[in-house]
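Colleague: Below is the sequence, then the predicted model.
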Amino acid sequence: MPLSEHEQRLLDQIERALYQEDPKFASTVRSTDLRTHMKRRMRRAAFVFGLGVVVMLGGLVSNMPAVGIGGFVVMVAALALALSSWKRLGTSPTQGLRAVGSDAPARTRRSKPSTPAGGSLMHRLEERWKRRWDERDR
């Protein structure tokens, strides 16, 4: 949903105040590409996944099933983190995250058609109902 003019003015005013208060932080935030963060999260998730494999195998070798199960849980959590990062990494700049002050357009929602071509659901249901009543009267 796009911002109203009033909300956009307020956001711009807050952004200018941030640049005046802390220009170093503002320039860091402006220049940061969020895809870099997602790639970093994927690398961390790969490392944690490897750590989970080591813990799981260590638990199996030392005959401690609770440690092995814990390692498996760590692996699943790391995989979930990696998949969520990969999903965000695969989105286009207009659909994914964007840095404050970036030139990318705001995210817009695409509306899916609720029904295939041929009218709305209610219209089609009414047409079927009429046809059935017409066939019944014959």
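Modeller: Looks like it arrived, so ask away. Numbering: from 1, shown residues only.

Colleague: which residue is nearest the middle of the chain?
Modeller: What sits nearest the mean C-alpha location of the chain, by C-alpha atoms, centre = their mean, is residue 88, with 5.3 Å.

Colleague: If we ignore the residues flanking it in sequence, what's nearest it?
Modeller: residue 38 (5.2 Å; C-beta to C-beta, 6 or more residues apart in numbering). For every residue, glycine as well, the C-beta is placed using N, CA and C.

Colleague: where's the helix or strand encompassing residue 130 relative to the chain centroid, distance-wise?
Modeller: Residue 130 is part of helix 121-137 when elements are defined by DSSP states H and E. A distance of 42 Å separates the centroid of the chain from that of helix 121-137, by C-alpha atoms, centre = their mean, to the nearest Å.

Colleague: Stretch 45-61 now?
Modeller: On C-alpha atoms, centre = their mean, the centre of stretch 45-61 falls 27 Å from that of its chain.

Colleague: quick one: the helices in this structure?
Modeller: Assigned by DSSP state H, the chain shows helices spanning 5-21, 23-31, 34-61, 65-89, 121-137.

Colleague: and residue 71, what does it touch?
Modeller: Shown in contact with residue 71 (C-beta atoms under 8 Å, 6 or more residues apart in numbering): 52, 53, 54, 55, 56, 57, 58, 59.

Colleague: give me every residue that touches the residue nearest to residue 88.
Modeller: So residue 38 contacts 85, 86, 88, 89 (C-beta under 8 Å, 6+ apart).

Colleague: What's the local residue count around the last one?
Modeller: Taking other C-beta atoms under 10 Å as the criterion, the count of residues near residue 89 is 17.

Colleague: Skipping adjacent residues, who's closest to it in space?
Modeller: Residue 89 sits nearest to residue 38 (C-beta to C-beta, 6+ apart), 4.3 Å away.

Colleague: Test for you: state the pLDDT assigned to the closest residue in space to residue 46 that isn't next to it in sequence.
Modeller: Distances taken as C-beta to C-beta, 6+ apart place residue 82 nearest to residue 46, at 6.6 Å, with adjacent residues excluded. pLDDT for residue 82: 90.

Colleague: circling back: in ChimeraX, how would I pick out whichever of the contacts of residue 71 are buried, leaving the exposed ones unselected?
Modeller: Of the contacts of residue 71, the buried ones can be selected in ChimeraX as follows, counting by 16 or more other C-beta atoms under 10 Å:
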select :52,55,56,59
